[in-house]
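[1] What shape does this take:
(one chain, ligands or ions: 1)
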Amino acid sequence: MTSSQLNYLKDRCSVRNFTEREVEEDKFEEIIKSGQRAPSAGNMQPYSFIVIQGQEKRERLYELSEKQNWVKEAPLLIYICVDLRRDKRFTEYFGGEWADYEGVGRLLFPIIDASLAAQNMVTAAEMLGLGSVFVGTPSEHPREVEDLLSLPKGVYPLVLLCIGYPEEEPDKTYKWNSSTVVHYDEYEELKEKYIEDYAETIEEFTGLDIEEYMEKIQEHYDPEELKESFERMNRYFEE
Ligand SMILES: Cc1cc2nc3c(=O)[nH]c(=O)nc-3n(C[C@H](O)[C@H](O)[C@H](O)COP(=O)(O)O)c2cc1C
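    Below you'll find the model as predicted:
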C-alpha cells in the first residue's frame, strides 16, 4: 500500500451531503465484493446487505432515522443486517444440526463480521470517489425495520449505510490523541491532561465552549430516550 492509498483510511470521514449522481452498477458491485472480502469468524459470513430501492421504504427509513436528510438524499442505501439464517438453512439443508443458541455469545462474532464487512464497503466507496455515512437510528426501532424489510427470524438490522458522490469535502472530525487509545500490557487510566486537550480540540472543531457542547450532547442523548431504545433493542435481540 502506498502512502497515498493509506490516506483513504487516514483521511476518511463521514459524508452527509450528496449530489444526485447515481452510483454506477460496476462501482456498486466493487463495493459489495469488497464488503465480502472482510475477515469473518470461521468464514461464516453471517450478514446480508439489503439494498433499498422502493421510495416508500426509503421514506419510512427517513422517518425512523428521525429525518436525517442524507437518508432521503443518498443515491444508494444499504441496510447491513446480521444474518444467522442463511447458515442455518445451509446446514439443515444437508442434514446438519445447527446450534440454535440465543444471547450475546451467538451474536458477538456475527456483529463483528457484519461490521467489518460494512467498513470494507466504506473504504471501497471512498477509493471509488464516493462518500458514505452510517445511520444507526433506525436500528433503535428493530421491530419496525424488521417489518419494513421483511426480515425473518435470525436476521437483525445492524446499521444503514448511505453512499453517494460527495457534494463537498467534509471537515475532518476530531479524534482522541492516539496516546490515549493505545495502552501497553495493561489498561492505563485517562490522564487529566488528555481530557483537557480533548476538550480543547472539541472547542476548536465545534466553536462551542465545552459547557455548551456538553449541554448539546446531553440534549441529543436524553437518558430516558436512550434507556427506552436500549430496552427495545435488548428485547429484540433476546427473542
Ligand atoms: C454504528 C454507527 C451509527 C451511526 N449513526 C449515525 C447517524 O444516525 N447519523 C449520522 O449522521 N451519523 C452516524 N454515524 C456516523 C458517526 O457520527 C461518525 O462516524 C462520527 O461522528 C465520526 O465522524 P467521522 O466518521 O467523520 O470520523 C454512525 C456511525 C456508526 C459507526
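
[2] Quick one: mean pLDDT over the longest strand anywhere in the chain.
    If you go by DSSP state E, the chain has its longest strand at strand 155-164. Average pLDDT, strand 155-164: 98.

[3] starting at the chain centroid, how far to it?
    Its chain's average C-alpha position is 6 Å from that of strand 155-164, according to C-alpha atoms, centre = their mean, to the nearest Å.

[4] Following element in sequence after that strand, please.
    helix 178-181 (DSSP states H and E).

[5] Convert that next one to PDB, retaining C-alpha atoms only.
    C-alpha atoms of helix 178-181 as PDB (Å, rounded to 0.1, in the frame of the first residue of the first chain):
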ATOM      1  CA  SER A 178      -3.500   8.200  19.800                       C
ATOM      2  CA  SER A 179      -1.700   8.100  23.200                       C
ATOM      3  CA  THR A 180      -5.000   7.800  24.900                       C
ATOM      4  CA  VAL A 181      -6.300   4.900  23.000                       C
END
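
[6] So which bits of it are buried?
    Under the neighbour-count criterion of 16 or more other C-beta atoms under 10 Å, helix 178-181 has T180 buried. To be clear about C-beta, it is placed using only N, CA and C from the backbone, and glycine gets the same treatment.

[7] Which residues does whichever helix or strand comes after that helix contact?
    Downstream of helix 178-181, the next assigned helix or strand under DSSP H and E is helix 192-206. With C-beta atoms under 8 Å, 6 or more residues apart in numbering as the test, helix 192-206 has contacts from 171, 173-174, 176-177, 179-180, 208-210, 213.

[8] could these be laid out in CSV, adding distance to the ligand and pLDDT?
    Shown next, in CSV, are the contacts of helix 192-206 (distance: C-beta to the nearest ligand atom, whole Å; pLDDT from 0 to 100):
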residue, distance to the ligand, pLDDT
D171, 8, 88
T173, 4, 94
Y174, 9, 94
W176, 11, 96
N177, 15, 94
S179, 19, 92
T180, 16, 95
L208, 15, 94
D209, 20, 93
I210, 17, 93
Y213, 14, 93
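
[9] before we move on, the earlier item: can you tell me if the longest strand of the chain touches the ligand.
    Yes: Strand 155-164 reaches the ligand (C-beta under 6 Å from any ligand atom) through V159.
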